[in-house]
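*Asks:* could you look at this predicted model? Sequence included:
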Amino acid sequence: MADAELWKLGAQEAAAAIDGRLEFVGPLNSVVDASDTQTSDLIFSGIGTDTRHPLQGQLFIALKGEVHDAHAHLKAAIEGGALGLLVHRDLTNEERLFIAEKRSSPLAVIHCGDTLLALQKLAQHWRRQRRALVLGITGTNGKTSTKEFAAAILTSQFNTHWSKGSFNNHWGVPFTLLSLHDAHEVAIVEMGMNHLGELKRLSEIVEADVVVCTMVGRGHLEGVGSVEGVAQAKAEIYKYAPTNSTFIFNLDNEHTAKMMAEFVPLVPSGQPGRRSITFAERRNGNEAGDVSFSVDEATDQSLRISGSIRGVAGEAVVPVFGRHNVVNLMAASALALAAGMTPEKIWAALPRCQTAWGRNQWVDLQSGARALFDAYNANPESMQAALDNFATLTVGRRFAVLGEMRELGEATAELHREMAAKVAKGPWAGVYFVGPSAELVAAELRAQGFRNNIVVSNTYENFIAADLRGMLRPGDLVLLKGSRGVALEKFLADLHPTKPLSKH
């Protein structure tokens, strides 16, 4: 999991951190004495959860998911060089014999009631021992882009650690924290949710010094029922933050603006209030909030922005596509302010920002057409932003390849009809849709008078991309947008890119 030179944790300390019971299982015919230096000073050089990866010197955490239980792979962990096991069931006699036969020195076994809970406790303990300022990010849209932009800005001044990909749930967040080491000055932790109470638990683990909710929209409706439910769930990042943490608020989103009114109330004169930072778009030359940007020019390759950061005027050309990213750039700049960067240094660092995998990545196709791959995730707001941004491009024919917007619960049909009605009024030479709402989308497109090519399927099939590939010519543009579970990268691969999709 981490460089052995940077990650060290004693078996005794690990057991105490999770309120676990520590025992040592020794080699065959040996007597293990816990007071012996060989066992009492046993030091792990990392944690591991997958026996397919090296485990030498590590603590193997036997996590149990909905499908797989890593307790079935304890022998493989031992053979892979694990120095300890974290388990929530007793070892079998067969496993104890296996340890005795395979080990030439004692193996630490830490017993707990629930290995996932133990992982979270261990992450919280590790975070408390590190000096890094911890920044927590959530939001219906923009949290991953904000994280990547903030990392790009902060690394210009600080040794910065941030979660890779979207490690933002009750498993991923602990791994992000456990990847911290003493040299890190700032850590950026992405925190997601799909039901009430999830951000409460993540907030308790992370204990963030700075928190922000980028915005609230119609995502994860399946778990919370309504956009008001989303707002209630997202507000947990503020409600359960430490009392001395800094709050950052988006003043342009009605739900996050209400959060500011709730969590940073006016205080009597002379009494200290919670430190807060705000951001909002600059409109008609009027700036609002500590960070306020406007988009002066948007091309397929960049945004030219201007505005102010804490009263310091500036401008920057940022190599990202999509006007909606101005919100994420403001949120990232606010995080940098909270971390102690000066406005001047933030302005200088903004051109370092770039989007992550699956988010507004341009890909050249062998046909001479170009594709914009924005298929890491999708909900009604992010789908509309993608369609609007793409519609501003005026060169070449435009094709829409859309995937199911997942986790919308009872609103699924209504929101897919709404999307299709908007698509029908757009500048599309053809529309392709993959997902369970396929026939509904096709019917709505036709009902709204869309007469160009429509190809839909409940699941991805090669013939769909083949149909589009046969139509493409140099100068054409293709938008791919859908939820991650639809895996539209398969569609993209069958459009024959000139090179594999890059990952940052």
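*Replies:* That came through, no problem.
*Asks:* strands of the stretch 301-450 of the chain, start to end?
*Replies:* Secondary structure of the stretch 301-450 of the chain, counting by DSSP state E, counting those that start in this stretch: strands at 303-309, 312-318, 361-364, 370-374, 398-403, 428-434.
*Asks:* now tabulate those in JSON lines and tack on mean pLDDT and distance to residue 476.
*Replies:* All C-beta atoms are positioned from the backbone trio N, CA, C, and that covers glycine. Output for the strands of the stretch 301-450 of the chain, formatted as JSON lines (pLDDT from 0 to 100; distance: least, CB to CB, whole Å):
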{"stretch": "strand 303-309", "mean pLDDT": "97", "distance to residue 476": "23"}
{"stretch": "strand 312-318", "mean pLDDT": "97", "distance to residue 476": "26"}
{"stretch": "strand 361-364", "mean pLDDT": "92", "distance to residue 476": "12"}
{"stretch": "strand 370-374", "mean pLDDT": "94", "distance to residue 476": "8"}
{"stretch": "strand 398-403", "mean pLDDT": "96", "distance to residue 476": "7"}
{"stretch": "strand 428-434", "mean pLDDT": "96", "distance to residue 476": "8"}
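*Asks:* tabulate those strands (CSV), appending distance to residue 152.
*Replies:* Below are those laid out as CSV (distance: least, CB to CB, whole Å):
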stretch, distance to residue 152
strand 303-309, 14
strand 312-318, 10
strand 361-364, 16
strand 370-374, 19
strand 398-403, 28
strand 428-434, 32
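*Asks:* got the ones you listed as CSV, with mean neighbour count and distance to residue 79 columns?
*Replies:* Shown next, in CSV, are the strands of the stretch 301-450 of the chain (neighbours: other CB atoms under 10 Å; distance: least, CB to CB, whole Å):
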stretch, mean neighbour count, distance to residue 79
strand 303-309, 21, 52
strand 312-318, 15, 49
strand 361-364, 16, 40
strand 370-374, 24, 40
strand 398-403, 24, 41
strand 428-434, 23, 42
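*Asks:* for the ones you listed, which one sits closest to residue 84?
*Replies:* strand 361-364 (40.6 Å; CB to CB).
*Asks:* so residue 66 is in which element?
*Replies:* Under DSSP states H and E, no helix or strand contains residue 66.
*Asks:* still on that earlier bit, ok, which of the strands of the stretch 301-450 of the chain comes nearest residue 288?
*Replies:* Closest among the strands of the stretch 301-450 of the chain, using CB to CB: strand 303-309, at 10.1 Å.
*Asks:* can you list contacts of the closest one?
*Replies:* For strand 303-309, the surrounding residues in contact (CB atoms under 8 Å, 6 or more residues apart in numbering) are 282, 287, 290-298, 313-318, 320-323, 325-326, 329, 333, 337, 343, 346-347, 350.
*Asks:* now, of the residues you listed, which are buried?
*Replies:* Those of the contacts of strand 303-309 that meet the buried threshold are 282, 287, 290-295, 298, 314, 316, 318, 320-323, 325-326, 329, 333, 337, 343, 346-347, 350, by 16 or more other CB atoms under 10 Å.
*Asks:* which of those residues fall within helices?
*Replies:* Among these, the ones falling in helices (DSSP state H) are 325, 326, 329, 333, 337, 343, 346, 347.
*Asks:* so how far is residue 165 from residue 63?
*Replies:* Separation of residue 63 from residue 165 (CB to CB, to the nearest Å) stands at 18 Å.
*Asks:* tell me the pLDDT at residue 164?
*Replies:* Residue 164 is assigned 78 on the pLDDT scale.
*Asks:* so it: helix, strand or coil?
*Replies:* coil (DSSP: H, G, I helix; E, B strand; the rest coil).
*Asks:* just residue 13 next, same as before
*Replies:* What three-state DSSP gives for residue 13 is helix.
*Asks:* residue 335 reaches residue 134, doesn't it?
*Replies:* No - counting by CB atoms under 8 Å, residue 335 stays clear of residue 134, with 11.1 Å between them.
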